[in-house]
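S.K.: got a predicted structure plus its sequence, pasted below:
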Amino acid sequence: MTTSREAPSPTASTRRPQLADFRDRAEAAAGRDLGDAVALHDWSVTSSHDFWRLFLDWAEPAWEGSAEPVCTSDDVEAAVFFPQVRLNHAENLLRPLPGVDDDAVCLTAVHGDGSRDRWTRRQLREEVDRTATALAGQGLGAGDRVVVVAPNNGRAVVAALATAALGAPLSSGMPDMGPAALLGRFTQVEPVLLALDRTGATGWDGADGDLLDQVVTGLPTVRALVVLDDLPLPALPGVRVLRLADLLADVGPDTPRAPWPRGGFNDPLFVMFSSGTTGPPKAMVHGVGGTLLEHLKEHRLHGDLDARDTLYFQTTTAWMMWNWQLSALAVGAAIVLYDGPVLGPETLWQLAADERVTVFGTSPAHLQLSQDTGLRPAEAFDLSRLRAVLSTGSVLHDWQFDWFADAVGPQPLQSISGGTDIIGCFVLGHPELPVVRGRSQALSLGLDVAALDADGRPVLGHEGELVCRRPFPSRPVRFLRDPDGSRLHDAYYAQHPGVWTHGDVVDIAPDGTARVHGRSDGVLNIDGIRIGPAEIYRILKGLPEIAQSVAVEQRSPTTPGATRLVLLVQLHDGAVLDGDLERRIRTTLRREATAAHVPALVLAVPEVPLTHSGKVSEKATRDTVNGDRVANADALRNPGSLASITAALRAAPDRVAPPVPAPRVESAPSPAARATGAGTVDAGVRTAIAGLWQELGVTPHAGIEDFFDLGGTSRQSMTLLRRLKLDLDADVSMEQFLADPTVDGLAATVATASGASAMPLLAAGDPAAPPLFLLNDAWGEVEVYRPLAELLVGVGPVYGVRAELVSLDGRRKSIDELADEQAGRLADARPEGALRLVGFSFGGLVAFETARRLRAAGRQVEFLGLLDPLPPEATLPPVRRRLHRLTGQVGALIPGIGSRPVRAVLRQRFRPETRPADQQALDRSEAVYAQHVLQHYDGPVTYFRARRRIPVTGHFLSAWRSAAPRLRVVSVPGPHHDLLADRHVVHLAVRMSLELRRVARAATP
């Protein structure tokens, strides 16, 4: 007899969490207090063998053998858990449990027409037993691989559990995935049996060339097709076609049942797949024991699921959350399935109310849809039984927590995140902790989760690469078609040796809460600045016209070697991407984030590419935007979206050379011109400036004229000012440009500029402290230092010291000539007192030689800071000189080029006479730099060394030590070319401020 569950609402109960009971056992084992959540997690990873052994005892799954050894080693890649344990997955999910009513409903399958199929625990166990016997009668046994293609219904569950009962590994998918996506996965599985439920699907009749014919033809290892539905049987030559209902008819009450063997802990259970958007999907084999143990831990300790609960998770048979929810049967909970359409956000909330769901699993997209439509679920539906909502699949934003608390109720909204790769979660909820807005409550017990910075060091409170530093049971046992394990190694263990690298960006707080920011391979690097696309999506959700957005990096069509930010927006019905909306997109991103978040190009598309699990595919979008081949378009739910992106790109105005504004004899004064009393803007100057903007990929359009609203970055603005100096002989300061960053405003400034100061004040500092002088870059300018100058603390006024690099007769000045001139300027600017000098790259060499001259003239050089300059090539022995040429001198001269050889970066695309003026000037600086020979300097030198130099350049410090025996080396984060960029300049400013304070203290009597 089928009975229902009507226990009191867990929300209103005061039940003691199962985690508390487990903690009691853990404290006894550890011999110390583990009452704090962080302390318990720390113990679970520092004593991981004890943790997993204790959990196996406490959870009491059905198993045999020996629990020793718990784990064969501490090597995160090679370790094997519980090699002497044997168990059966289906047995653990379906066996009678103490205190659990065997005649209560444990599985409800809800269909689109409102009908329902229900099974009690006893009924489900019996049907799985009969199905396993029927399949065994067809020759299926342990180790034989099975594929189930079915919607999310009860028949799929029965087929999956019957397969697991026999010890046959299973892989599953949806009929609407299409033949290419299905075969991309299942050809790797090489199944012997295909189980198919065609309910609600079309094209699966077995006709010549239809979906079923293509799939079966593409899976030559299939010996039998078992049809789960009651539709007419297809005719497939060469393949046995059987109806499961007919096979079950031959399994009577007295029929001997097939045994459910207990296999090894690491025997294969599920074959799961990556999204497949970066190439053929990775076929990940997950073991019986690792899957069961991880799911028991997550369900019982983190979710506090037990026999009083009913779980519904919004999923399909193609996503790991389907396998995850099945394991809730092992703790006595009931599960609800749904295979109908989601007609609106109310569909799933109504389902949760009707089925009296206690734990509801959904996605940020569904919650956002609920919010956008004005739905208030607590008022519209009876959610009195609901005690928790879980969300996964993408980033859950702060405002969604606010909406949930207001529109749903006080139940915890738990953001969980992990992946198919581990068939579980790295961050989850916690039954004893409050929800922290925007964050996951806790790290997964037993998993040594950490965030690594760019240098591979653990960080707290900052974004980093998500890694797991100790072995854990739910790692994939292996990949299919990976005989030597190299693909598995490359996927997870190669990037950071000795740890599992998951591919997500995470920040972890000291209290153990965490926030997963998205895939690390989705992080954008625009002009040297790293941008998390999730931050862009969060901000744009505030614009009502935008339904969804994707931000990707595109190779710049105007600047070789550079990239730019392209934003694709999918708009709500009736919305149009006009000048007003685009302006609001740009200004909103600039105001709420930074100028670097402003896209260079905004495109409206009818839809964005989605995987079959509903996730946005940034990889497919990026490849399409760059004109690259999309590795596996069949892994997308909507591959037609790629053609729409291509069409939008072709229609974009900057796909061809943007028209330069026609010369005007006269134009209206700009705001800057009006403020200064200037008159008209010179048409020729305006045209030249517009051309420079276009070279940088910044093109005014649709009424948007501001350089930064158009996606221009701070680094591009410095390039622009350099080009103005070189092309128009116009000295324009950054302050002047920022006053009106438009073409007309800049043209007016050029017309009225009287020449930039040779020694501009970059930061006011403390007038009572000695000034700090920052010497010119490879173009003779100093604006590159402004962010650093403004961040320094405890220093005096900070001045930039510009230089004219070319003599009156057009000859390029040597380093010695520049140093003579700079020494004279500094002596005039500060006739008495100690001097403090700093130079970056090219400026570092000039500063070094300037300090030599000042010291020789009897002046005290209290501080000489060199920001990561390479020694000049002429200084090096012949062998190192050749190595220096190979690695490329330009990396030592200017940010933005990196450590790639200058000739490979700049000259592969430009003939010398056609390269922009600033690049030609850089070439000349390279030559002057290389020809200089270092001389001895007996004063103190502080060398700020970039940690992420290419490896060989670290050996060149010896050349600096030879010239400056009193060299002090301070390591600073980041690569050479990014030391002064936003993400690293703060660290540099802190270290320099400390060094300047150290020098000041030493100088104080």
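M.R.: The structure has been received and is ready for your questions.

S.K.: all contacts plus neighbour counts: C-alpha atoms, from now on.
M.R.: OK.

S.K.: close enough to count as contact, Ala454 and Gly974?
M.R.: Yes. Here Ala454 reaches Gly974: they are 7.5 Å apart, a contact under Cα atoms under 8 Å.

S.K.: more neighbours: which of those two?
M.R.: Here Ala454 and Gly974 are set side by side on neighbour count (other Cα atoms under 10 Å), and the busier one is Gly974, at 22 against 15.

S.K.: what about the strands in the stretch 301-450 of the chain?
M.R.: Assignment of strands within the stretch 301-450 of the chain using DSSP state E, counting those that start in this stretch yields the ranges 310-313, 334-338, 359-362, 388-391, 413-415, 417-419, 424-428, 442-443, 449-452.

S.K.: and the stretch 801-950 of the chain, by the same measure?
M.R.: For the stretch 801-950 of the chain, the strands defined by DSSP E, counting those that start in this stretch occupy 835-840, 861-867, 941-946.

S.K.: Leu135 is nearest to which of these?
M.R.: Proximity of those to Leu135 was assessed by Cα to Cα; the nearest stretch is strand 941-946, lying at 63.3 Å.

S.K.: can you dump the C-alpha coordinates of stretch 285-296 into PDB?
M.R.: Output in PDB follows, covering the C-alpha atoms of stretch 285-296 (Å, rounded to 0.1, in the frame of the first residue of the first chain):
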ATOM      1  CA  VAL A 285      34.600   7.600 -14.700                       C
ATOM      2  CA  HIS A 286      33.400   7.900 -11.100                       C
ATOM      3  CA  GLY A 287      33.700   5.000  -8.600                       C
ATOM      4  CA  VAL A 288      31.000   3.400  -6.600                       C
ATOM      5  CA  GLY A 289      32.400   4.100  -3.200                       C
ATOM      6  CA  GLY A 290      33.700   7.700  -3.800                       C
ATOM      7  CA  THR A 291      30.300   8.700  -5.200                       C
ATOM      8  CA  LEU A 292      28.300   7.200  -2.400                       C
ATOM      9  CA  LEU A 293      30.500   8.400   0.400                       C
ATOM     10  CA  GLU A 294      30.600  12.000  -1.000                       C
ATOM     11  CA  HIS A 295      26.900  12.100  -1.500                       C
ATOM     12  CA  LEU A 296      26.100  10.700   2.000                       C
END
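
S.K.: can you tell me the average pLDDT over it?
M.R.: Along stretch 285-296, the predicted local confidence has a mean pLDDT of 98.

S.K.: repeat for stretch 606-616
M.R.: Throughout stretch 606-616, pLDDT has a mean value of 83.

S.K.: buried ones in that stretch?
M.R.: Buried residues in stretch 606-616, counting neighbours by 16 or more other Cα atoms under 10 Å, are found at 607-616.

S.K.: worst mean pLDDT across the helices and strands of this protein, which element?
M.R.: Considering only helices and strands, the least confidently modelled element of the chain by mean pLDDT, DSSP states H and E is helix 902, at a mean of 35.

S.K.: how many other residues sit next to Arg859?
M.R.: The local packing of Arg859 (other Cα under 10 Å) involves 17 other residues.

S.K.: in space, what's closest to it - neighbours in sequence excluded?
M.R.: Taking Cα to Cα, 6 or more residues apart in numbering as the measure, Arg859 lies nearest to Ala834, with 7.1 Å between them; neighbours along the chain are not counted.

S.K.: wait, the one you found sits on Val861?
M.R.: Yes. Under the contact definition of Cα under 8 Å, Ala834 touches Val861, with a separation of 5.8 Å.

S.K.: who has more neighbours, these two?
M.R.: For Ala834 against Val861, the residue with the higher neighbour count under other Cα under 10 Å is Val861, and the figures read 19 against 14.

S.K.: for the more buried one, what are its contacts?
M.R.: For Val861, the contacting residues are 834-837, 851, 854-855, 939, taking Cα atoms under 8 Å, 6 or more residues apart in numbering as the criterion.

S.K.: could you redo the last one with a cut-off of 6 Å?
M.R.: Applying Cα atoms under 6 Å, 6 or more residues apart in numbering to Val861 gives the contacts 834-835.

S.K.: quick one: it from Pro151, how far?
M.R.: According to Cα to Cα, to the nearest Å, Val861 stands 76 Å off from Pro151.

S.K.: ok, now His430?
M.R.: 32 Å.

S.K.: same check on Leu460?
M.R.: Distance of Leu460 to Pro151, given as Cα to Cα: 42 Å.

S.K.: and those two? Which one has more around it.
M.R.: The residue with more neighbours, out of Leu460 and Pro151, is Pro151; 27 against 18, by other Cα under 10 Å.

S.K.: can I get stretch 73-81 as PDB, trimmed to CA atoms?
M.R.: The C-alpha trace of stretch 73-81 is given here as PDB (Å, rounded to 0.1, in the frame of the first residue of the first chain):
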ATOM      1  CA  SER A  73      49.000   7.800   0.100                       C
ATOM      2  CA  ASP A  74      48.800  11.500   0.400                       C
ATOM      3  CA  ASP A  75      49.500  12.100  -3.200                       C
ATOM      4  CA  VAL A  76      46.500  13.900  -4.500                       C
ATOM      5  CA  GLU A  77      46.700  12.300  -7.900                       C
ATOM      6  CA  ALA A  78      47.800   8.800  -7.200                       C
ATOM      7  CA  ALA A  79      46.000   8.100  -3.800                       C
ATOM      8  CA  VAL A  80      43.400   5.300  -3.700                       C
ATOM      9  CA  PHE A  81      40.700   5.200  -1.100                       C
END
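
S.K.: so how far is that stretch off the chain centroid?
M.R.: Put simply, stretch 73-81 sits 27 Å off its chain's centre (Cα atoms, centre = their mean, to the nearest Å).

S.K.: pull up the distance across stretch 442-451, start to finish.
M.R.: Across stretch 442-451, the straight-line distance between its terminal residues is 14 Å, by Cα to Cα.

S.K.: tell me the buried residues in stretch 208-221?
M.R.: For stretch 208-221, the buried set under the neighbour-count rule, 16+ other Cα under 10 Å, comprises 211-219, 221.

S.K.: other residues contacting that stretch?
M.R.: Counting by Cα under 6 Å, 6+ apart, 179, 187, 190-192, 203-204, 206 sit against stretch 208-221.

S.K.: start and end of it, how far apart?
M.R.: Using Cα to Cα, the end-to-end distance of stretch 208-221 comes out at 19 Å.

S.K.: chain center to it, what's the gap?
M.R.: The gap between where stretch 208-221 is centred and where its chain is centred comes out at 37 Å by Cα atoms, centre = their mean.

S.K.: average pLDDT for that stretch?
M.R.: Averaged over stretch 208-221, pLDDT sits at 91.

S.K.: same thing with stretch 770-785?
M.R.: Average pLDDT, stretch 770-785: 89.

S.K.: which parts of the stretch 901-1005 of the chain are helices?
M.R.: 902, 917-931, 957-963, 982-1003 (DSSP state H, counting those that start in this stretch).

S.K.: looking at these, which is nearest to Pro471?
M.R.: Comparison of the helices of the stretch 901-1005 of the chain against Pro471 by Cα to Cα identifies helix 982-1003 as nearest, at 32.4 Å.

S.K.: tell me the angle the closest one makes with strand 941-946.
M.R.: Going by axes from the mean of the first three to the mean of the last three Cα atoms, to 10 degrees, helix 982-1003 is angled at 160 degrees with respect to strand 941-946.

S.K.: for helix 982-1003, packing partners?
M.R.: When contacts are defined as 3 or more Cα pairs under 6 Å, 6 or more residues apart in numbering; DSSP states H and E, helix 982-1003 sits against none of the other helices and strands.

S.K.: CA atoms of it as PDB?
M.R.: In PDB, the C-alpha atoms belonging to helix 982-1003 read as follows (Å, rounded to 0.1, in the frame of the first residue of the first chain):
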ATOM      1  CA  ASP A 982      45.800  48.200 -11.400                       C
ATOM      2  CA  ARG A 983      45.900  44.700 -10.100                       C
ATOM      3  CA  HIS A 984      49.600  44.900  -9.000                       C
ATOM      4  CA  VAL A 985      50.400  48.500  -8.300                       C
ATOM      5  CA  VAL A 986      48.800  48.400  -4.800                       C
ATOM      6  CA  HIS A 987      51.200  45.700  -3.700                       C
ATOM      7  CA  LEU A 988      54.100  47.600  -5.300                       C
ATOM      8  CA  ALA A 989      53.100  50.800  -3.600                       C
ATOM      9  CA  VAL A 990      52.900  49.100  -0.200                       C
ATOM     10  CA  ARG A 991      56.400  47.500  -0.600                       C
ATOM     11  CA  MET A 992      57.900  50.800  -1.800                       C
ATOM     12  CA  SER A 993      56.300  52.800   1.000                       C
ATOM     13  CA  LEU A 994      57.800  50.300   3.500                       C
ATOM     14  CA  GLU A 995      61.200  50.600   1.900                       C
ATOM     15  CA  LEU A 996      61.100  54.400   1.900                       C
ATOM     16  CA  ARG A 997      60.100  54.400   5.600                       C
ATOM     17  CA  ARG A 998      63.000  52.100   6.300                       C
ATOM     18  CA  VAL A 999      65.400  54.500   4.600                       C
ATOM     19  CA  ALA A1000      63.800  57.500   6.500                       C
ATOM     20  CA  ARG A1001      64.300  55.800   9.800                       C
ATOM     21  CA  ALA A1002      67.900  54.900   9.100                       C
ATOM     22  CA  ALA A1003      68.500  58.500   8.200                       C
END
